[in-house]
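> Would you be able to build a 3D model of this:
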Amino acid sequence: MPNFASSEELKHLISSSYLYHEFDTKRISEIGGMIADPKNTFLSVLSKSFKDEDLPLLEPWYSIKHSAEKYPEDLKHLMLNPHIKDNGKKLDLPPPNNLLPSDFTVLPKNKDHSAQPVFA
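A predicted model of the protein is given here:
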């Protein structure tokens with residue numbers, strides 16, 4: 001007979017590689033720094049308009065033609081030194097939705113409205 005894990009053990013098994021149960025400021029800053037570094041990025045551009053003769057490399061498993069290029073220096077400079085113009089708008093929560101109801105009381109039954117529908 002197989003030995004099945006309890007639901008509590010299974011919950012941690014499924015979430016173990018995706019969820020962190022402790023807040024680690026140092027580790028979060030370290031990972032954020034790695035993500036923000038252009039040396040650790042990979043950009044994939046796909047298009048039906050690419051011609052096979054313009055793609056010099058061949059992927060060995062699926063025989064897909066592709067190319068691999070480094071970022072141009074001017075793009076790397078922009079990625080490392082971003083400049084964002086101030087457009088005067090503030091990043092904030094959206095305004096309250098005035099279309100949502102505020103009164104959720106249930107009205108008493110009305111026989112006229114509860115009868116069979118009438119098509120006009």
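
> so how far is the lengthiest helix in the chain from its chain's centroid?
Secondary structure of the chain per DSSP state H: the longest helix is helix 25-36. Relative to its parent chain, helix 25-36 has a centroid offset of 18 Å by Cα atoms, centre = their mean, to the nearest Å.

> Same check on stretch 45-56?
When distances are taken as Cα atoms, centre = their mean, stretch 45-56 is centred 27 Å away from the chain's centroid.

> mind listing what's buried in that stretch?
Residues of stretch 45-56 classed as buried by neighbour count (16 or more other Cβ atoms under 10 Å): none. Where C-beta positions appear, they are placed from N, C-alpha and C, glycine not excepted.

> End to end on that stretch, go ahead and measure it.
With Cα to Cα, to the nearest Å applied, stretch 45-56 spans 15 Å between its terminal residues.

> Outside of that stretch itself, list whatever touches it.
Outside of stretch 45-56, the residues within contact range by Cβ atoms under 8 Å, 6 or more residues apart in numbering are 65-67.

> Export the residues you listed to CSV and append columns for secondary structure.
Output for the contacts of stretch 45-56, formatted as CSV (DSSP: H, G, I helix; E, B strand; the rest coil):
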residue, secondary structure
65, strand
66, strand
67, coil
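
> Of these, which is the nearest to residue 25?
Compare each of those with residue 25 using Cβ to Cβ and the shortest gap goes to residue 66, at 39.1 Å.

> Now do the same contact list for the closest one.
With contacts defined as Cβ under 8 Å, 6+ apart, the neighbours of residue 66 are 55, 57-59.

> Format those as TSV; extra columns: pLDDT and distance to residue 86.
Below are those laid out as TSV (pLDDT from 0 to 100; distance: Cβ to Cβ, whole Å):
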residue	pLDDT	distance to residue 86
55	92	41
57	94	42
58	93	47
59	91	44
